[in-house]
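**Student:** just coords:
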């Protein structure tokens, strides 16, 4: 039996320096939810299949249920709680509300982050681009159609980065 | 006018920002985690429960059947299911021991160190084995329920039939796969009573179960629904069990307990859609008129009765479809096998029997020499006709017009012809298929009378209104449409409406959130209660030439001063003239039906035998669309779920246990798998629904599977009869080795 | 009994596990050499964390390679493309050189999981996990991959088609780890085919996986590679199917011969996902379809 000491990990979470504590193989999902009380990221499967736990690490979409705490060291993490700026929702969030992209809402945080990641890389995605980018985020309620619509509408209202 | 507008979902902001509170987000001070120790064997006597060494058991809360204060039963219909297995096991994953501890690492370790020794007994795993009585595992004959509906004389009609077509059709189990697994948090004590918070569709079902388990009066039991991440029926009756378990651990320990399943446990231990087997024998004239329908419909209920009689009832009634036929015999049976009990799942028996019927109708059409649409057109039920269960259809119905519209939008005939022409030279073959069907809204027969639902609406002195019902928001839009209905009726701003959280200590029992009843039945009660509130306010002059939000506020202020608390109640009353006989199973099965025609266009790759749905057209008549975005979302989601059931979602059974209980191995559609789903509504207002609305939540589950298989049959010439229709199965039907 | 609930966990008993990050590659290799058989390797976590959560990961000590920059990067030489072991699927998809010269590796990466998995899953981890259902390995075989294995004793090069010895068995010593994978350049002009057959279009463990490339002149096959996954205890080169058509013209007869020979290269089974019969028939169909389309 190993006697793994508890570790302390320094990182940034939603723009703020944070210290996380636990076993090196604790799931980052659990540490974010329980230590930082950031409960927006959800557990849907514990297998990296459903994407309800999606967060961004160093600008990349990852399944936080598959990231061991040790790997958070020195990283910059964004959860759903870090997407809106105060009361100002992101264009993707507004579009989800307006176009019915959320029904029960459990997949929504991960889905919003996946959509934002797509639009940051591909500001004018085709429907196929959207389908591919969201394929790792499962939704059981919507049949995805309203989500596609929301993402297409969101990119129309997002500011273009200066040329 | 708020009704008919796509008012955005009122809890949408909380959902897109991650602030919505689901049960696993909820923490209480001093809370313990719970875990369930379950049987590995499918059937037998519990010889011994051993707590193996190396675990500090005195630090754990341990609960067995002996700890149940009241009756060790899950109160539902026949109460045959124990809350915790006491002396015998009847299915794999049956719960036996509950554990709680603050350290979830240790809890999981401890769960592995409880051994349940079982003396095995012969078990039954298939419907046929159950019917043959290979072993008797429930009651006298393994049959939970039997229904026989007859009309005319089927046997005589068969004697003189021009043509008889027979077929047998099967559907597999389906996992609801809500993305949020089941979970509850409970506090409990003999003096304080029991409180549970959790993921659920039916707070009062849980309330009833807890009262019986703990022998407590109703006012000592409180059930609170938290934001619920999907239900689809999977959180209709099952949550009573997990609530009882969490409460037992809280009762014994004196501490709050959180019991949340991970995906693996939720998949193997909770309810699934009933598997089915339907046999059709149909007599038809040379011109394609239905003369006799003989249907034998069997569903697998798993080890305990739970809701099987009701699933059977709905499935049996729907098995004759949207057609008129003078001679009918519908024989329905629900049988027991040693699998975890099957339960509610969107459609509740109707998808199973309609799958069989609509696949069968294509084969009947082929036998007669008519196109699939023409055969159906010649047999559609119309206003004034009598259904298989003896219901005279009073509302206007025009299935022919719906069919025309669907055929037009999908370009059915032109595509059918073109595909026939090009397919022989293609590796990837195209097909187009349809299904025509209906879905009865609300509880069957006298069910709504028995529910006796109640809704309350209150107003404060400053004109804020609160709607109190036990119907839950589970993603379908309950809270938003209730607010629309109340605001419209009261002629005030929708922001002035609050929908109370379903908490049994403050809301009346408006019935369960099931059976496509929430908008149609309960929404109507919201409208009635709101109207009752207006009527009360007329006592202080509201309505004397005054209208609008300001007048309403003044009237509320006035009322508070003069009369005090303002509250109105609406109780369910059946529409006049509805008659139903539980003995003969005849009469007005449902207050009304939604009607639909669905068309699926597919590609079948003859290299791999994979089927893809390329386009899907869903046309339905629904009374009145209260909120177009929400209604469209219901149809799209239901179609996607049914596509999964038809093509991907297979439960692999090994001795009564689901062997593929991971999302990696149980396959639901991703964003890359769904076709464009094109949704169209017609409105034929139902007099007793709010603004004419009918129920629609389950309707979209009924049509896609047979439409898809009919399309595959068209594309390939194969005759598939079972779902999920996997490529391996299609290959077996068709392949001659190419090389 | 402790006062308050601690971090929620998984089905494994975490106190029996350790995950340690070495300072650099040298430190990692010295640790492996010093304590042989004591450490298992941990890359991106996309396979091992799933096992941990399911209670199926062997307890013990894990050495995290994730932070080792020496194992990252894609290098292009005159005749090879060299992928560091920690190259992620996302890195593969983003490489123009790979897209041009080894397109099947990019196709495989694009069909492995979803975006989140592609950002964390690594080529080295995929190889060392040794699943016969892995998607990238058949593509690696098509490009005659070599694997460089590194330890304190230096670098040992193994042809990838000799790396997997049996089901979940590798030619990898307890003190070695995968340093890089080397792919042959110069096949950009070949005809390539890739098909992963899974239950759905994304995020699916394959029922079978087919990767092939042909160097075609007219209708004559100058050279050919055929590799498959999920049809044997390891990923396989279909050597008999290749031999039946290498150096010959593509005709109905040679196609038939190649497809018939395929049965000697694979040994599909019935399992949770599919059947032996389906896998065999579809493998043949895919080969036949590719060969036919090459001369259509």
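**Tutor:** On my side now, so go ahead. The structure presented is a predicted model; accordingly, all values stated were derived computationally and were not measured.

**Student:** any idea how far stretch B:116-132 is from the chain center?
**Tutor:** In this view, stretch B:116-132 has its centroid 27 Å away from the chain centroid, taken as Cα atoms, centre = their mean, to the nearest Å.

**Student:** Let me fix that, I meant to ask about stretch B:131-151.
**Tutor:** Distance of stretch B:131-151 from its chain centroid, counting by Cα atoms, centre = their mean, is 23 Å.

**Student:** Counting neighbours, which bits of it end up buried?
**Tutor:** By neighbour count with 16 or more other Cβ atoms under 10 Å in any protein chain shown, stretch B:131-151 contains the buried residues B:131, B:137-138, B:142-145, B:147, B:149-151. From N, CA and C alone the C-beta is placed, and that goes for glycine too.

**Student:** Repeat that for stretch B:60-75.
**Tutor:** Buried residues in stretch B:60-75 (16+ other Cβ under 10 Å): B:60-65, B:68, B:72-75.

**Student:** Save these as CSV, and put in secondary structure, distance to residue B:532 and pLDDT too.
**Tutor:** Below are the buried residues of stretch B:60-75 laid out as CSV (DSSP: H, G, I helix; E, B strand; the rest coil; distance: Cβ to Cβ, whole Å; pLDDT from 0 to 100):
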residue, secondary structure, distance to residue B:532, pLDDT
B:60, coil, 53, 98
B:61, strand, 48, 98
B:62, strand, 51, 98
B:63, strand, 46, 98
B:64, coil, 49, 98
B:65, helix, 47, 98
B:68, coil, 42, 98
B:72, coil, 42, 98
B:73, coil, 38, 97
B:74, coil, 36, 97
B:75, coil, 32, 92
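
**Student:** thinking residue B:220 is in contact with residue B:193, fair?
**Tutor:** Yes. Counting by Cβ atoms under 8 Å, residue B:220 touches residue B:193, with 3.3 Å between them.

**Student:** thinking again about what came up before, mind telling me the two of the buried residues of stretch B:131-151 farthest from one another?
**Tutor:** B:137 and B:151 (33.6 Å; Cβ to Cβ).

**Student:** Would you agree residue B:525 is in contact with residue B:469?
**Tutor:** Yes. If you go by Cβ under 8 Å, residue B:525 and residue B:469 touch, sitting 7.4 Å apart.

**Student:** Can you check which residues contact both of the two?
**Tutor:** Shared contacts of residue B:525 and residue B:469 (Cβ atoms under 8 Å, 6 or more residues apart in numbering or on different chains): B:455, B:510.

**Student:** neighbours around residue B:643, how many?
**Tutor:** Neighbourhood size, residue B:643 [other Cβ atoms under 10 Å in any protein chain shown]: 26.

**Student:** what does residue A:118 give?
**Tutor:** For residue A:118, the neighbour count with other Cβ under 10 Å is 22.

**Student:** quick one, phi/psi of it?
**Tutor:** Residue A:118 adopts backbone torsions of phi -60, psi -50, taken as degrees, to the nearest 10.

**Student:** From chain C, how far out is it?
**Tutor:** Counting by Cβ to the nearest Cβ, to the nearest Å, the separation of residue A:118 from chain C is 8 Å.

**Student:** which residues does the nearest residue to that residue once chain neighbours are set aside contact?
**Tutor:** Nearest residue to residue A:118, sequence neighbours excluded (Cβ to Cβ, 6 or more residues apart in numbering or on different chains): residue A:133, at 3.8 Å. Contacts for residue A:133 (Cβ under 8 Å, 6+ apart) come out as A:114-115, A:117-118, A:122, A:125, C:115.

**Student:** check contacts around the residue of chain B found nearest chain A.
**Tutor:** Closest approach between chain B and chain A, counting by Cβ to the nearest Cβ: residue B:18, at 2.2 Å. Applying Cβ under 8 Å, 6+ apart to residue B:18 gives the contacts A:38-41, A:79-81, A:108-109.

**Student:** mind listing the strands for the stretch 151-296 of chain C?
**Tutor:** For the stretch 151-296 of chain C, the strands defined by DSSP state E, counting those that start in this stretch occupy C:154-159, C:164-166, C:169-170, C:177-184, C:191-197, C:208-217, C:220-229, C:236-237.
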